[in-house]
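J.: quick one, what's the 3D model for this:
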Amino acid sequence: MRGATEDGRHAHLPTRNAPMPAERFPMQDQLLSILNALEDGIFITDLMGRPLWVNRASLDQLACSETHLFASDVYRLEEEGIFSPSVTRFVIDERRPVSVVHRYRGKDYLVNGRLFSLYGGEPDAVLVQTRNLGEDVLATRAPNETQALLDYALRQLRKVRQEQVRPLDKDARLSRSPVYRRCLDLIERAAAADTTVLLTGETGVGKSWLVSRLHQLSARHDKPLIHVNCAAIPEALLEAELFGHVKGAFTGASREGREGYVALAEGGTLFLDEIGDLPATLQPKLLQLLQERVYHPLGGKPTHADVRIVAATNADLAGKVREGSFRSDLYYRLNIIPVRVPPLRERREDILALARYLLMRVGERLQRPMQLDRSALRALLKYSWPGNVRELENLLERMTVVCDATTITADDLELEVSHEQASPFPVEEGLQDGETLPERMTELERRLVIETLEREGSTRRTARALGVSQSWLMRRIKRYGIAR
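T.: Numbers count the residues shown, from 1 in each chain. I've put the predicted structure just below:
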């Protein structure tokens, strides 16, 4: 695979084994000439972050040689400060479009990144388009062209925000679980408070989704949401990644210094995922950021930060405090608004609606509509879901790809259901705070009616399955406001 040549005349878009034959793409030379004539930078990588193609404008913007670019990947280039941060990495990690305005080498750029397919079918590459918004470029344009460019940038940013908010609201309306509705209500209250939030819960319950919702509902929604996985960055690099560094702060540091994630989140939200894996050496520095809103870039002076800190973990932080591996003062400072995200097995009344919604979304993305038959719905309800919502979504995506028919059955799912898992509504130990026994019994009745109605599909069959009259069932449906 080759990148752009010095003059762009013989550059080839990549194929799996060799340049694309001319008979398959007769406009290739003309297209490449157009791409190389653009003022916008065009940068294409595979899903491992390895460069596949770049046009001349992108090379000029990056001030990086073609040889060095194609000998690296975006992760290494980000460490070197050539990308800071890498929009390509965000797209790969988040699997969604990303649009940011980024300042690099004294110039402002509108950077749009998205997944796309080079060969048809599943996305197999990332396309990043970089538009220079600097004054030196804008000054060369006519006023109407400048305004059109700025309008375009605003439309793109507004579109991305709408695409982010719309599914968040729809996902939130899906839930009929009281325990999850309480979680959503707490997130909405916390969004308005602009204080530190700590989300706890098992892997795959959707903590990142809730952080996105919190950010979009907050007054900081028009500023960045920066996601940092504390477990994914080597301990030796984490401090520089978080707080940045100045020129020459350490051996191998970028010649011009580098902004850290705290600076990139200025005015917005800094999401520290897997906070339980934060090294002990960095815990006092994070505590200083939380208490004083001040941090120290490596080799630099104290810097003020206007950021909101949201943390998440699947670990027992209180247990880590008792063990001595996590500072108690940091724990209490993070735990101002604790939000426990319930596992999927504790919100079983949401499973069927959630499964249908996720299957619809996967089907739209893969362009293959699918449905679940009754046996599959019953199997979904009886399974314990140790991997939570993430496991459910991954299972449905796998079924969409591998099933021959467009209707998924229980045999297709191949879920192992033990006798301990067979009860669709396990009784939680003890009553919740402020809950009475009649309230618990009423809630169990409501959940059982909802679940049986979902499974059976009609009030006649539901009444028969519950051993009650249809008129009794209709009164309960009305009392509980159950949507049929």
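J.: quick one: the strands in the chain, in order.
T.: 41-46, 51-54, 98-104, 107-116, 125-132, 197-200, 225-229, 269-273, 294-295, 303-304, 308-313, 337-340, 371-372, 407-408 (DSSP state E).
J.: lowest-confidence helix or strand of this protein?
T.: In the chain, the helix or strand scored least confidently by mean pLDDT, DSSP states H and E is helix 135-138, which has a mean of 46.
J.: quick one, domains of this protein?
T.: 28-155, 175-340, 346-426, 430-484 (automatic domain parsing).
J.: pull the distance from the last one to the chain's centre.
T.: Going back to what we said before, that points to domain 430-484. 35 Å (Cα atoms, centre = their mean, to the nearest Å).
J.: quick check, Leu352 in contact with Glu454.
T.: Yes: with contact defined as Cβ atoms under 8 Å, Leu352 reaches Glu454; the gap is 4.6 Å. For the C-beta atoms, the positions are set from N, CA and C on the backbone; glycine is no exception.
J.: low pLDDT regions in the stretch 151-300 of the chain?
T.: Applying pLDDT under 70 to the stretch 151-300 of the chain picks out residues 151-174, 247-257.
J.: all helices of it, in order?
T.: Using DSSP state H, counting those that start in this stretch, the helices of the stretch 151-300 of the chain run over residues 178-193, 207-217, 235-243, 261-264, 283-292.
J.: nearest to Gln470, of these?
T.: helix 178-193 (26.0 Å; Cβ to Cβ).
J.: circling back: what would the domains of the chain look like in JSON lines with mean neighbour count?
T.: Output for these, formatted as JSON lines (neighbours: other Cβ atoms under 10 Å):
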{"stretch": "domain 28-155", "mean neighbour count": "16"}
{"stretch": "domain 175-340", "mean neighbour count": "17"}
{"stretch": "domain 346-426", "mean neighbour count": "16"}
{"stretch": "domain 430-484", "mean neighbour count": "14"}
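J.: mutual contacts of Leu352 and Glu454, please.
T.: Common contacts of Leu352 and Glu454 (Cβ atoms under 8 Å, 6 or more residues apart in numbering): Leu377.
J.: and the closest residue to Leu237 other than its chain neighbours, what's its pLDDT?
T.: Using Cβ to Cβ, 6 or more residues apart in numbering and skipping residues adjacent in sequence, the residue nearest Leu237 is Glu79, 7.4 Å away. At Glu79, the model reports a pLDDT of 72.
J.: test my guess that Glu79 contacts Pro234.
T.: No: applying Cβ under 8 Å, one finds Glu79 not in contact with Pro234, separated by 10.3 Å.
J.: joint contacts of the two?
T.: In contact with both Glu79 and Pro234: no residue, using Cβ under 8 Å, 6+ apart.
J.: find me the pLDDT at the residue nearest the centre of the chain, would you?
T.: Centroid-nearest residue in the chain: Glu94, 4.5 Å away (criterion: Cα atoms, centre = their mean). Glu94 is assigned a predicted lDDT (pLDDT) of 74.
J.: Gly324 is nearest to which of the helices of the stretch 151-300 of the chain?
T.: helix 283-292 (11.7 Å).
J.: now what about the closest one, what contacts it?
T.: 196, 239, 242-243, 262, 272, 278, 294-296, 305, 307, 309, 326-327, 329-330, 333-334.
J.: and if we set it to 10 Å?
T.: For helix 283-292, contacts defined as Cβ atoms under 10 Å, 6 or more residues apart in numbering pick out 196, 230, 239, 242-243, 262, 270, 272, 275, 278, 294-296, 302-305, 307, 309, 311, 325-327, 329-334, 336.
J.: out of everything not next to it in sequence, what's closest to Glu393?
T.: Glu393's closest residue in space is Leu358 (Cβ to Cβ, 6+ apart), at 5.0 Å.
J.: could you report the distance from the one you found to Val294?
T.: 43 Å (Cβ to Cβ, to the nearest Å).
J.: kindly report the same for Ile92.
T.: Taken as Cβ to Cβ, the span from Ile92 to Val294 is 32 Å.
J.: kindly report the same for Leu59.
T.: When Cβ to Cβ is applied, the distance between Leu59 and Val294 equals 38 Å.
J.: now do stretch 375-391: distance to the chain's middle.
T.: 22 Å.
J.: mind listing what Val197 touches?
T.: Counted by Cβ under 10 Å, 6+ apart, Val197 has contacts 186-187, 190-191, 210-211, 214, 269, 271, 308-312, 334-339.
J.: what's the per-residue pLDDT of Glu445 here?
T.: The predicted local confidence for Glu445 is 84.
J.: what are the ranges of the helices in the stretch 301-450 of the chain?
T.: 317-323, 328-334, 351-366, 374-382, 388-402, 410-413, 437-456.
J.: sketch out the low-pLDDT regions of the stretch 301-450 of the chain for me.
T.: In the stretch 301-450 of the chain (pLDDT under 70), the answer is 417-435.
J.: thought Ile275 was touching Arg333, still the case?
T.: No: Arg333 lies out of contact with Ile275 (Cβ atoms under 10 Å); the separation is 11.4 Å.
J.: thanks a lot, see you next time.
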